[in-house]
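>>> just the structure for this:
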Amino acid sequence: MPKINRCGLEYQGKVVLVTGGSKGIGEGCARVFADALSDVVIAARGVEAGERLAEEINALGRGSCMFIRCDVSRPDQITRLIDEVIERFGRLDCLINNAGYHPEHRTIDDFSLDDFMDVMQTNFVSCFIACKHALPHIRKVKGSIINMGSLVGQMGQEAATIYCATKGAIAAFTKSLAIEEARHGVRVNCVSPGNILTNSRIEGSRAADDPAAMDSLVDSWQPTGRSGINEDVGQLCLFLASDAAGYITGADHIISGGSELGYGVKYPLMFIRD
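Residues are numbered from 1 along each chain as shown. Reported below is the predicted structural model:
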């Protein structure tokens, strides 16, 4: 495992809220910000995983970490979450809207309206609600918001129309909100990961007939020759939250190892006609 806080930045005395923070990219963010001496609150549905991660982070003796259970598909739980953070710490410096999920791959013919509404509620509406309720507190400290998009929100993905729609919405929402909040000294940015070794990515490889070959194939998608790790995304979020990024707002920051660069196979050869 690479050094957690490779950029050497500190975010001491700051309070950071990470939704979907018990695993995956959210966990990477929590570990990086705690190592930068922040007070981190992780919110997720899974109590066991959340409490275990908070205990692990606190045992390291850097920043602090606490877990609050929250289902972001429930607006009332989001508002209660932010109220609890303010009651506990009296401030909120950075909100990382990371919670969300990628439904199984299906064509539009096989997605229902209920499927679409569920993914939109969890991935995008939750982001809107969290921003709206957190901003009065973030404005007081001239903090920042980081919304988690996705590379496929920009470039598209086969059999993932509704997921891509939510991530595209997050990027557009981020830009507009950044314009509004500039007058309050609040910066709003989007982070769009590509191939990251999240739990779901790892489980997908394990389910393949040849997991090692699958990992090698996916690693080859990046000119850097490797898949990203959760802490890579955490590093970028720490930079964007810090004063070092004080002139950056309203941008969609791709973190992909360059996987979107250059030519590649886009269409199965079996479908190419003479």
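>>> residues of the helix or strand harbouring Met117 that come out buried?
Secondary-structure element containing Met117, defined by DSSP states H and E: helix 113-120. The neighbour-count check on helix 113-120 (16 or more other CB atoms under 10 Å) flags 116, 119-120 as buried. No exception for glycine: its C-beta is placed from N, CA and C like everyone else's.
>>> do stretch 253-267 as well
253-257, 259-260.
>>> all strands of the chain, in order?
Applying DSSP state E to the chain gives strands spanning 15-19, 39-44, 64-69, 94-97, 144-148, 187-193, 252-255.
>>> for Pro103, find the nearest of the ones you listed.
Of all the strands of the chain, it is strand 144-148 that lies closest to Pro103, at 16.4 Å by CB to CB.
>>> just the angle for the closest one relative to strand 187-193, thanks.
Strand 144-148 and strand 187-193 are oriented at 20 degrees to each other (axes from the mean of the first three to the mean of the last three CA atoms, to 10 degrees).
>>> follow-up on the earlier one: could I get the strands of the chain as JSON lines with mean pLDDT and distance to Ser216?
Supplementary listing: the strands of the chain in JSON lines, determined by pLDDT from 0 to 100; distance: least, CB to CB, whole Å:
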{"stretch": "strand 15-19", "mean pLDDT": "99", "distance to Ser216": "31"}
{"stretch": "strand 39-44", "mean pLDDT": "98", "distance to Ser216": "31"}
{"stretch": "strand 64-69", "mean pLDDT": "98", "distance to Ser216": "35"}
{"stretch": "strand 94-97", "mean pLDDT": "99", "distance to Ser216": "31"}
{"stretch": "strand 144-148", "mean pLDDT": "99", "distance to Ser216": "27"}
{"stretch": "strand 187-193", "mean pLDDT": "99", "distance to Ser216": "20"}
{"stretch": "strand 252-255", "mean pLDDT": "98", "distance to Ser216": "21"}
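>>> let me have these in a markdown table, extended by distance to Ser112.
Shown next, in a markdown table, are those (distance: least, CB to CB, whole Å):
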| stretch | distance to Ser112 |
| --- | --- |
| strand 15-19 | 26 |
| strand 39-44 | 26 |
| strand 64-69 | 29 |
| strand 94-97 | 26 |
| strand 144-148 | 25 |
| strand 187-193 | 27 |
| strand 252-255 | 29 |
